[in-house]
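Peer 1: show me how the following folds:
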Amino acid sequence: MTEKSALETAAAIRAGETTALLECEAAIARIEARDGPINAVVVRDFDRARQHAAEMDRRLAAGDTAPLLGVPMTIKESYDIAGLPTTWGFEAHRNHIAQKDAVAVTRLKAAGAVFLGKTNVPVGLADLQSVNPIYGRTNNPHDLARVSGGSSGGSAAALASGMVPLEYGSDIGGSIRVPVHFCGVWGHKPTFGVLPTEGHFFPGTDGARVVLSVIGPMARDAADLALAFDLVADIPQPRATIEGPRGLRILLLTEHPLAKTDPAIIAAIEHAATKLEAAGARISRSTDLLPDLARQQGDYMRMLAIAMARGAAPEGGTAATLPQWFSMLDDQARNTRAWTRLFEEFDVVFASALGSVAFAHDDTDLRQRQLAIDGEQTLFALQFAWPGLATYPGLPATSVPIGRTAEGLPIGMQVIAGLNRDHNAIAAARLAHELVWSK
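Peer 2: Numbers count the residues shown, from 1 in each chain. Okay, the predicted model is just below:
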């Protein structure tokens, strides 16, 4: 990718090598030239973006030093931007227009970002591919016959195709980590509660944040990812304590009792671990400190189903009672404490983001969908075990590109760290990436 990163773009604008308006026009031209077969940027706001870019140039001339001054970006369709539709892919909400910006959008604008539009999602943000009746289907830039992931699939595709250098997504079931794994870019699922979800609402609502759900940055490199995380965080998070590979304590988690994993993904994670071990890291492949992962997955899926349905009874079933819900919260707290004890012995965990690379478009109902992994048909829903590793206990996890299949499809890995150690996850992911791709 020859396009500049967000930080490189901001630096070039500050140095007078380009302007915010020129960078805005260049990004618009890339979208118009590249997005046709990909269909990532489904809500376009180019005229207002040009006006905003011109304002950024005036801010620069007045001495403004905002870190993203003039950087063009897009954002997931599920975020509110005043004057633009927020539909979450629902036909019934096609005409819903947001009245104010999401808090994340407000903070990114204050940092100088110029929003060009919004990127595609699945209906209700409820799939690991991005297709809906309003905007259609987003295709993977590496292979148009395959998915870009979901629910932040348009975001990942816009980054991977070089249309923009920065994005923001959301994640409750891998919706940041899986698309970036499929598309070969970076994403970070923050510690639960660290970034504000205000303005990332179901269309027409304005209630409490959803249990398990977080928002987070997506980018093409670690530096942009870390900055975008910091700019939106409610409270400054601890700096990384990881400065290099020597002595880094890594737990490798390439097998799950419920979810099968493609051997190519396992090989890529092992390769990253081998590189780090050669540079002085300490690699472990087992520990008694891990919670019961099969039980964790069952507890996670029950909580996820309730969260996604807002407590409504499942078809043919009954809604959870309040005592049952409090019992679920207790189970989650115990699981989080188990992971906290684990991170007293390890700095990070390396794990699959998902057990497969980008799969072919498949509109089969999620509950019946099958996924071929290593020649075996497996139940697709079991794959939520991999993103659930970090989601259920509320841990931060960075998804980083670490390789490619023989067919050239990207392979990512999630780097999980302890609570509020988001910058450790990003730092360890950066080390892995640098060593894997070094010559």
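Peer 1: contacts, neighbours, all on C-alpha from now
Peer 2: Will do.
Peer 1: list the buried residues of stretch 60-71.
Peer 2: By 16 or more other Cα atoms under 10 Å, the buried positions in stretch 60-71 come out as 60, 66-71.
Peer 1: so which residues of this structure form helices?
Peer 2: 6-14, 20-34, 46-61, 103-110, 153-160, 177-183, 222-232, 263-278, 293-308, 322-342, 385-391, 422-437 (DSSP state H).
Peer 1: make JSON lines out of the ones you listed and add distance to Leu84.
Peer 2: Rendered in JSON lines, the data for the helices of the chain read as follows (distance: least, Cα to Cα, whole Å):
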{"stretch": "helix 6-14", "distance to Leu84": "24"}
{"stretch": "helix 20-34", "distance to Leu84": "17"}
{"stretch": "helix 46-61", "distance to Leu84": "11"}
{"stretch": "helix 103-110", "distance to Leu84": "13"}
{"stretch": "helix 153-160", "distance to Leu84": "17"}
{"stretch": "helix 177-183", "distance to Leu84": "24"}
{"stretch": "helix 222-232", "distance to Leu84": "21"}
{"stretch": "helix 263-278", "distance to Leu84": "39"}
{"stretch": "helix 293-308", "distance to Leu84": "24"}
{"stretch": "helix 322-342", "distance to Leu84": "36"}
{"stretch": "helix 385-391", "distance to Leu84": "30"}
{"stretch": "helix 422-437", "distance to Leu84": "31"}
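Peer 1: export those helices to JSON lines and tack on distance to Val400 and mean pLDDT?
Peer 2: What follows is the helices of the chain, written out as JSON lines (distance: least, Cα to Cα, whole Å; pLDDT from 0 to 100):
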{"stretch": "helix 6-14", "distance to Val400": "17", "mean pLDDT": "98"}
{"stretch": "helix 20-34", "distance to Val400": "24", "mean pLDDT": "98"}
{"stretch": "helix 46-61", "distance to Val400": "30", "mean pLDDT": "98"}
{"stretch": "helix 103-110", "distance to Val400": "23", "mean pLDDT": "98"}
{"stretch": "helix 153-160", "distance to Val400": "12", "mean pLDDT": "98"}
{"stretch": "helix 177-183", "distance to Val400": "7", "mean pLDDT": "98"}
{"stretch": "helix 222-232", "distance to Val400": "9", "mean pLDDT": "98"}
{"stretch": "helix 263-278", "distance to Val400": "11", "mean pLDDT": "98"}
{"stretch": "helix 293-308", "distance to Val400": "23", "mean pLDDT": "97"}
{"stretch": "helix 322-342", "distance to Val400": "21", "mean pLDDT": "98"}
{"stretch": "helix 385-391", "distance to Val400": "14", "mean pLDDT": "98"}
{"stretch": "helix 422-437", "distance to Val400": "6", "mean pLDDT": "98"}
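Peer 1: out of these, nearest to Phe359?
Peer 2: helix 177-183 (8.6 Å; Cα to Cα).
Peer 1: check which helices and strands the closest one sits against.
Peer 2: With contacts taken as 3 or more Cα pairs under 8 Å, 6 or more residues apart in numbering; DSSP states H and E, helix 177-183 sits against helix 153-160, strand 186-189, strand 397-404, strand 410-417.
Peer 1: mean neighbour count added to these, as JSON lines?
Peer 2: Shown next, in JSON lines, are these (neighbours: other Cα atoms under 10 Å):
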{"stretch": "helix 153-160", "mean neighbour count": "33"}
{"stretch": "strand 186-189", "mean neighbour count": "34"}
{"stretch": "strand 397-404", "mean neighbour count": "28"}
{"stretch": "strand 410-417", "mean neighbour count": "30"}
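Peer 1: please identify which of the ones you listed is closest to Gly355.
Peer 2: Across the helices and strands packed on helix 177-183, closest to Gly355 is strand 410-417 (Cα to Cα), at 10.2 Å.
Peer 1: who's in contact with that closest one?
Peer 2: 177, 180-184, 265, 268-269, 343, 347-353, 357-358, 390, 395-405, 424-426, 428-429 (Cα atoms under 8 Å, 6 or more residues apart in numbering).
Peer 1: ok, now stretch 27-35?
Peer 2: Residues contacting stretch 27-35 (Cα under 8 Å, 6+ apart): 41, 46, 72, 116, 158, 161-164.
Peer 1: mind running it again at 7 Å?
Peer 2: Contacts to stretch 27-35, defined as Cα atoms under 7 Å, 6 or more residues apart in numbering, come from residues 72, 163-164.
Peer 1: mind checking which of those residues land in strands?
Peer 2: When DSSP state E is applied, the contacts of stretch 27-35 are split such that Pro72 fall in strands.
Peer 1: between the contacts of stretch 27-35, which is closest to His142?
Peer 2: Met163 (14.0 Å).
Peer 1: for that closest one, what are its contacts?
Peer 2: With Cα under 7 Å, 6+ apart, Met163 has these contacts: 27, 30-31.
Peer 1: a markdown table for those, including neighbour count?
Peer 2: A markdown table is the format used below for the contacts of Met163 (neighbours: other Cα under 10 Å):
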| residue | neighbour count |
| --- | --- |
| Ala27 | 22 |
| Arg30 | 16 |
| Ile31 | 22 |
